[in-house]
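# when you get a sec, could you give me coordinates for this:
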Amino acid sequence: MERPPWAPSEVDLERPSAARMYDYYLGGYHNLRIDREFAEQAMRAMPELPMIMRTNRAFLRRTVRHLADAGCRQFLDLGSGIPTVGNVHEIAQSVAPDATVVYVDKDSVAVAHSEVMLAGNERTGVVEADMRDPDAVLGSPVTQRLIDLDQPVAVLMFAVLHFVPDDDEAAATVAGYRDALVSGSFAVISHATHEPVGERGRQVEQVYSRTDNPLVTRYSSDVTRFLTGFDILEPGVVYVPLWRPESDDDVGDHPERCCTYGAVGRKS
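Residues are numbered from 1 along each chain as shown. From the prediction side, this is the model:
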């Protein structure tokens, strides 16, 4: 396979990437044939997958705007993925131009594109690291330049914890960031669940089990557990269209079809 100009030399062109599949669902072009093939397999099991991804992006938009309106000025986006329209810094800085944003991803393609996209924006940065290592993420020179841990921070985990297959490790990851945050900080989680679709969701898990990012769906009780130590804001752990919708169109007739739970927690 010919290597596209945007793909770093260390990227395996024969192994699908969940980040590039996500890009394909959203209509992007930073994906490979192998990513499209696996995404199409997943969509044969669940044709609504592109809708689910768009719904998650809408949840990102609403929560980031809410936190910026509430006075939060520092955002740490874990597992940020390949840049697409409506990124965290665009939303936060439209509300508060002084907001700082650090994107974190272990995917070299996502990091490379983020660096290009963020060039010239001194209040944003990108860290290539595994989010499961909070010390490495928080100790990065980029993070230390842009994030003051003596002030509130919003740690964003959009559609990423379901790529941490072990429940205890996922919980420990969130706890590692929580323990480093001051009171008044936030954690935002969106997480896939198979509950509304049953076996079809399990089929999607099987597709992702053959990628570089196996996916594990969970329950609302798991999201609640991950937010231990945070006060969960109203309306609680809900399907993401139900988290403070701005219009009836945000909710739709069947919000459960998004197959994604979301919640925002505040450290007291």
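
# pretty sure Val127 sits in a strand.
Yes: according to DSSP: H, G, I helix; E, B strand; the rest coil, Val127 belongs to a strand.

# touching, it and Ala110? I think so.
No: the pair Val127 / Ala110 is not scored as a contact, 11.1 Å apart, by CB atoms under 8 Å. In short, each C-beta sits where N, CA and C put it, glycine included.

# show the pLDDT at the residue most central in space within the chain.
Among the residues of the chain, the one closest to the centroid is Phe158, at 2.5 Å (CA atoms, centre = their mean). At Phe158 the predicted local confidence, pLDDT, stands at 97.

# do Trp6 as well
66.

# then Gln206?
Note on Gln206: pLDDT of 85.

# from here on, count from 575
Okay, residue one is now 575; in that scheme the one you just asked about reads as Gln780.

# so which helix or strand takes in it?
Taking DSSP states H and E as the criterion, Gln780 maps to helix 773-782.

# count of residues packed around the closest residue to Ser842 other than its chain neighbours?
Of all residues not flanking Ser842 in the chain, Asp805 sits nearest, at 5.3 Å (CB to CB, 6 or more residues apart in numbering). Neighbour count of Asp805, defined by other CB atoms under 10 Å: 10.

# OK, contacts around Asp805?
By CB atoms under 8 Å, 6 or more residues apart in numbering, the residues touching Asp805 are 839-842.

# any regions of this protein where pLDDT drops low?
Within the chain, the set of residues satisfying pLDDT under 70 comprises 575-576, 579-586, 659.

# now the helices for it?
592-599, 607-619, 623-643, 662-669, 682-692, 708-713, 715-720, 741-754, 773-782, 794-800, 822-825 (DSSP state H).

# which one of those helices lies nearest to Ala761?
With CB to CB as the measure, helix 741-754 is the member of the helices of the chain nearest Ala761 (6.4 Å).

# that closest one - contacts with which helices or strands?
helix 708-713, strand 728-732, strand 760-766, helix 794-800 (3 or more CB pairs under 8 Å, 6 or more residues apart in numbering; DSSP states H and E).

# can we see that at 10 Å?
Contacts defined by 3 or more CB pairs under 10 Å, 6 or more residues apart in numbering; DSSP states H and E place helix 741-754 against strand 648-652, helix 708-713, strand 728-732, strand 760-766, helix 794-800.

# in it, what's buried?
744-745, 747-748, 750-752, 754 (16 or more other CB atoms under 10 Å).

# between the helices and strands packed on helix 741-754, which gets nearest to Asp609?
strand 760-766 (18.0 Å).

# quick one: list the elements packing against the closest one.
helix 623-643, strand 648-652, strand 728-732, helix 741-754, helix 773-782, helix 794-800, strand 834-840.

# with adjacent residues omitted, what lies nearest to Ala666?
In space, and not counting its chain neighbours, Ala666 is closest to Ala673: 4.0 Å by CB to CB, 6+ apart.

# can you give me every residue that contacts the one you found?
Taking CB atoms under 10 Å, 6 or more residues apart in numbering, we find Ala673 in contact with 638, 641-642, 646-649, 662-663, 665-667, 697-698, 728.

# just Ala616 next, same as before
Applying CB under 10 Å, 6+ apart, the residues contacting Ala616 are 595, 599, 623, 777-782, 785, 789.

# this completes my enquiry, with thanks.
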